[in-house]
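S.K.: what's the 3D shape of this:
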Amino acid sequence: MITLLAMSASLRAASSTAALLEAARLLAPPGIAVVIYGGLGDVPHFNPDLDREPLPPAVVDLRRQIGAADGLLISCPEYARGIPGAFKNALDWLVSGFEMAGKPVALFNASPRASEGQAALRLVRRTIAARLVDEASVTLPLLAKDVDARAIAVDATMAPMIVAAL
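M.R.: Sure, this is the predicted structure:
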């Protein structure tokens, strides 16, 4: 079984990035388990003075889940032409760890207009040594659409793109 940890970079309850990842979980073919990471809001503000044992529990959980996964699906909105602060904060906690080194990462983008945020995410991804899998990365037109995961999962255009990426 291949385990993919799905991380939404948004804290919004009705986030299109979270809906996109939930659709991926619903569409995962046999042999692939998509596990949704739900602890982003619990990760404390990064402080290098705290980046030593004992680590904050939410950071231990973040690193454990990433380390246990075979790969990551990251869906990141663009805020002010960059990565949302809460998600960038979580990525900062990964810089000194080894969990991301060589880890395959696919970017599931919910908006074709989020090019600056995606560029920033790619830059950070290089810093933490994660391996971007371009052929498994997709951009879907969810911006300003009020769709949930089930609607995405049954959409005749979007569902095949997600399945192909997985």
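S.K.: ok, now which ones touch the closest residue to residue 12 other than its chain neighbours?
M.R.: Excluding its sequence neighbours, the residue lying closest to residue 12 (Cβ to Cβ, 6 or more residues apart in numbering) is residue 18, at 7.4 Å. To be clear about C-beta, it is placed using only N, CA and C from the backbone, and glycine gets the same treatment. With contact set as Cβ atoms under 8 Å, 6 or more residues apart in numbering, residue 18 has these partners: 8, 10, 12, 36, 75.
S.K.: Now the buried members of those.
M.R.: A residue is treated as buried here by neighbour count (16 or more other Cβ atoms under 10 Å); on that basis the buried members of the contacts of residue 18 are 8, 10, 75.
S.K.: For stretch 38-53, what is the distance to the chain centroid?
M.R.: 17 Å (Cα atoms, centre = their mean, to the nearest Å).
S.K.: start to end distance for it?
M.R.: Between the opening and closing residues of stretch 38-53 lies a distance of 23 Å (Cα to Cα, to the nearest Å).
S.K.: Check whether residue 163 really touches residue 26, as I assumed.
M.R.: No. With contact defined as Cβ atoms under 8 Å, residue 163 does not count as touching residue 26 (10.4 Å).
S.K.: Pretty sure residue 123 sits in a helix.
M.R.: Yes. Residue state for residue 123 (DSSP: H, G, I helix; E, B strand; the rest coil) corresponds to a helix.
S.K.: Centre-most residue in this protein?
M.R.: With distances taken as Cα atoms, centre = their mean, residue 74 lies nearest the centre of the chain, 1.9 Å away.
S.K.: Need phi/psi at that one.
M.R.: phi -120, psi 130 (degrees, to the nearest 10).
S.K.: go on, residue 146?
M.R.: Comment: the main-chain dihedrals of residue 146 come out as phi -100, psi 80, following degrees, to the nearest 10.
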